[in-house]
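Peer 1: pasting the sequence and the predicted model now:
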Amino acid sequence: MNPLTNPIQPNAVRDAIHIAIAPVIASEGLKPGEHIGFSPGSTTHMERSDSPIGIVNPFGKRVVAGESFYVCLYPDTVTDMKHHWSHPSFGAPMIPDKGVSEAWLISFCKRYGLRMEYLLRELADSDPSLCVYEDSVDDGYREREDLWKHYQIFTGTVVSEDQRDNLGFRCAC
């Protein structure tokens, strides 16, 4: 019995549940918790929909068009789940797409006032440090995991945990 889809019973206790999530790309600006489905003809881009299959990560931030984020699938819709799940709307697991990662990196550069050549050169360094807009240092730290994921897919390189942990952000002033 899924506690999110059934009435709370008088004897209810604290519990933990699994929620299936999938990395997708925003076709439009979206707010956390908005109900979304796939954009027409796409299996990677999502938007507000009359046929939603989940919600924008309610714990995340607002996403802009072209930005990657997690969709949280509705409870009781996933047909198999062992931390590797299937859902009738998704088909086969997504294979990392170099083009999607390039678009994400370009968007990242625009958000932080960076040139792509600079970003790639700094991330290839064993002690990487990015010089960004003064008011975006904290935001950069919050995006580190996605940055490394897309960098590795785009460049085809594997980055060590030490290198990922060493990434610093500093003010461009």
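Peer 2: Done, it's in.

Peer 1: okay, now H87: neighbour count?
Peer 2: 17 (other Cβ atoms under 10 Å). Glycine gets a C-beta too; all of them are placed from N, C-alpha and C.

Peer 1: what comes up buried for the helix or strand where R121 lies?
Peer 2: Element membership for R121 (DSSP states H and E) is helix 116-124. Using 16 or more other Cβ atoms under 10 Å as the burial criterion, the residues of helix 116-124 that qualify are L119, E122, L123.

Peer 1: export that helix as CSV, just CAs?
Peer 2: C-alpha atoms of helix 116-124 as CSV (Å, rounded to 0.1, in the frame of the first residue of the first chain):
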residue,chain,number,x,y,z
MET,A,116,33.2,27.1,-23.3
GLU,A,117,36.9,26.9,-24.0
TYR,A,118,37.7,28.3,-20.6
LEU,A,119,35.3,25.9,-18.9
LEU,A,120,36.7,22.8,-20.6
ARG,A,121,40.3,23.8,-20.0
GLU,A,122,39.7,24.5,-16.3
LEU,A,123,37.7,21.2,-15.7
ALA,A,124,40.5,19.3,-17.3
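
Peer 1: can you name the next helix or strand after that helix?
Peer 2: strand 129-132.

Peer 1: can you give the distance from that following strand to the centre of its chain?
Peer 2: 21 Å (Cα atoms, centre = their mean, to the nearest Å).
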